[in-house]
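Novice: have a look at this fold, sequence not included:
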């Protein structure tokens, strides 16, 4: 398996055809998986925004005021408003905003980026990353497309690449019923392939000024396994999320 | 960046010199990172064990009885005993055992594997995976070694590769203070490189009978960044873990 960055992508602007821009810069093959950072997908989809587009309502002012008290620094209530509008739930309100986005992804601040966006204040995540991935796939020879982001996680330091949307491959490969060398059923059952592809791509992509937002994964072998489409857990089988519902930060 | 499996590794037995077995099967380079599944590290370190080695104390019997009630199926209290002995804390007791291992990794059942282990009941994780990685690195030409496992996570379905121990490279690369194309500070600050390497390797390694437990990552460029050594969060900055401390499963 080989990974390489798509070279020389220009700064992406609204209505750019991202798939065509990528296709013209690299000799893609039908078995390739193309990983594209959500930042450039968002830019192409016109998801850069000004803080002034998010006049803060009472809830956003309340949330921002609490974060100001906790962190002892100014928090723009319009940013909190943007986070609220992009979320279906605040999983945590303090000491930071952990949210579920409208497409089911749990992350800090609804994934809204305040760097990487020229001439605007904010870059919102793509509205429907699975559809973004499908649109890009239509324009490229690669058989699979994964729209990626980076985010943190409980228990472990640091951020790693994750998948937000994908098309042309299942989210996971399913080892259930398969056996080890001694014929015992495997303990590991469902492997989140799209997240692992996003993590691998992030090793190559980098961040910031020198970053390359599109990475080709060549010769990844999905193998002869069943696939599964779901990546984001529902609340009823996510005990950590249930625990967070009943928890309140008390470091104030 | 390229990844390939180390071919033809035999079934690993206690006291096998894993590094030498790998070194003789592949032409490693000093810039390679070698990812080795904890299953074979554990086997080489004699961490296969019998359930009979873990006579259940009162706490293990209590924990197993609760899981039996919840799941309506028999739970061996000796397995619970093994999990307790391998853990410093039960982060969750129900509906499954989420534990912190002695080396700081939060995972289900202290990472104890009940498949992949011939002639024994259990395979415990390596006791000190960072030391395991250092030992393997002494025997191989690769400049970095990561001991990997697969585990699940909150919010997202499926398992993905993670690092348990590493040597010869930092756990993370630190983008703090670096800037985007417009000169703004990057939102992403610390990238968990060893976890991303483990995830990438897991795409190539597979599981079970056809699995290949050692994967070479070639031409990974860490780049000119500061590194950071810590991977496992401390409780005081892990709000999810704090929330789980105060939570109790009530689906009984």
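Specialist: Thanks, I have it. For clarity, every value in this text was computed on a predicted model and none was experimentally measured.
Novice: distance of residue A:221 from residue B:70?
Specialist: Here the criterion is C-beta to C-beta, to the nearest Å. By it, residue A:221 lies 38 Å from residue B:70. Backbone N, C-alpha and C define where each C-beta goes, glycine included.
Novice: so for those two, which residue has more residues nearby?
Specialist: Legend: neighbour count by other C-beta atoms under 10 Å in any protein chain shown for residue A:221 and residue B:70, higher for residue B:70 (15 against 10).
Novice: element containing the more buried one, please.
Specialist: Using DSSP states H and E, residue B:70 sits within helix B:58-71.
Novice: repeat that for residue A:133.
Specialist: When the helices and strands are read off by DSSP H and E, the one containing residue A:133 is helix A:129-139.
Novice: cool, and residue A:146?
Specialist: strand A:144-151.
Novice: please see if that strand touches chain B.
Specialist: Yes. Strand A:144-151 reaches chain B (C-beta under 8 Å from any C-beta of the partner chain) through residue A:150.
Novice: please apply the same query to stretch A:218-237.
Specialist: Yes. In this structure, stretch A:218-237 sits against chain B according to C-beta under 8 Å from any C-beta; the contacting residues are A:220, A:223, A:228, A:230, A:231, A:232, A:233.
Novice: number of nearby residues for the spatially closest residue to residue A:150 that is not a sequence neighbour?
Specialist: Distances taken as C-beta to C-beta, 6 or more residues apart in numbering or on different chains place residue A:159 nearest to residue A:150, at 4.4 Å, with adjacent residues excluded. Counted with other C-beta under 10 Å, residues neighbouring residue A:159 total 25.
Novice: test my guess that residue A:159 contacts residue B:190.
Specialist: Yes. Using C-beta atoms under 8 Å as the test, residue A:159 is close enough to residue B:190 to be in contact (6.5 Å).
Novice: related to what we said a few turns ago, which residues touch the helix holding residue A:133?
Specialist: Judged by C-beta atoms under 8 Å, 6 or more residues apart in numbering or on different chains, the contacts made with helix A:129-139 from elsewhere in the structure are A:17-20, A:22-23, A:34, A:36, A:38, A:41, A:45, A:103, A:126, A:143-147, A:164-168.
Novice: residue contacts, residue A:124?
Specialist: By C-beta under 8 Å, 6+ apart, residue A:124 lies in contact with A:42, A:47, A:48, A:49, A:82, A:86, A:110, A:111, A:112.
Novice: assign the first one to helix, strand or coil.
Specialist: In other words, residue A:42. Applying DSSP: H, G, I helix; E, B strand; the rest coil to residue A:42 yields a three-state assignment of helix.
Novice: tell me the spacing between it and residue B:143.
Specialist: Look at residue A:42 and residue B:143: by C-beta to C-beta, they are 37 Å apart.
Novice: same deal with the second one?
Specialist: With the distance defined as C-beta to C-beta, residue A:47 ends up 40 Å from residue B:143.
Novice: likewise the third one?
Specialist: Taking C-beta to C-beta as the measure, residue A:48 falls 41 Å from residue B:143.
Novice: got it, and the fourth one?
Specialist: Using C-beta to C-beta, one obtains 44 Å as the distance from residue A:49 to residue B:143.
Novice: before we move on, what about residue A:160?
Specialist: Using C-beta to C-beta, one gets 21 Å for the distance from residue A:160 to residue B:143.
Novice: so where do the helices sit in chain A?
Specialist: Secondary structure of chain A by DSSP state H: the helices cover A:18-23, A:38-44, A:58-71, A:77-85, A:129-139, A:193-205, A:239-245.
Novice: make JSON lines from those helices and add mean pLDDT to it.
Specialist: What follows is the helices of chain A, written out as JSON lines (pLDDT from 0 to 100):
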{"stretch": "helix A:18-23", "mean pLDDT": "97"}
{"stretch": "helix A:38-44", "mean pLDDT": "96"}
{"stretch": "helix A:58-71", "mean pLDDT": "96"}
{"stretch": "helix A:77-85", "mean pLDDT": "98"}
{"stretch": "helix A:129-139", "mean pLDDT": "98"}
{"stretch": "helix A:193-205", "mean pLDDT": "97"}
{"stretch": "helix A:239-245", "mean pLDDT": "90"}
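Novice: one step back: neighbour count winner among residue A:160 and residue B:143?
Specialist: Under the criterion of other C-beta under 10 Å, the comparison of residue A:160 against residue B:143 puts residue A:160 first, with 26 against 16.
Novice: the more buried one against residue A:150, yeah?
Specialist: Yes. Applying C-beta under 8 Å as the test, residue A:160 and residue A:150 come out as touching, 6.6 Å apart.
Novice: now do the shared contacts for the two.
Specialist: A shared contact of residue A:160 and residue A:150, defined by C-beta under 8 Å, 6+ apart, is any residue touching both; here these are A:202, B:191.
Novice: show me the shaky parts of the stretch 101-250 of chain A.
Specialist: Applying pLDDT under 70 to the stretch 101-250 of chain A flags residues A:116, A:180-188, A:207-210.
Novice: what ranges do the strands span in it?
Specialist: Along the stretch 101-250 of chain A, the segments classed as strands by DSSP state E, counting those that start in this stretch run A:106-108, A:122-123, A:144-151, A:160-167, A:172-174, A:190-191, A:214-218, A:226-228.
Novice: and of those, who's closest to residue A:53?
Specialist: The closest of those to residue A:53 is strand A:122-123. By C-beta to C-beta, the value is 8.5 Å.
Novice: which residues touch the closest one?
Specialist: A:39, A:42-43, A:47-51, A:79, A:82, A:112-114, A:116-117.
Novice: which among these gets closest to chain B?
Specialist: residue A:116 (4.8 Å; C-beta to the nearest C-beta).
Novice: among the contacts of helix A:129-139, which ones are buried?
Specialist: The neighbour-count test (16 or more other C-beta atoms under 10 Å in any protein chain shown) marks A:18-19, A:22-23, A:34, A:36, A:38, A:41, A:45, A:103, A:126, A:143-147, A:164-168 as buried among the contacts of helix A:129-139.
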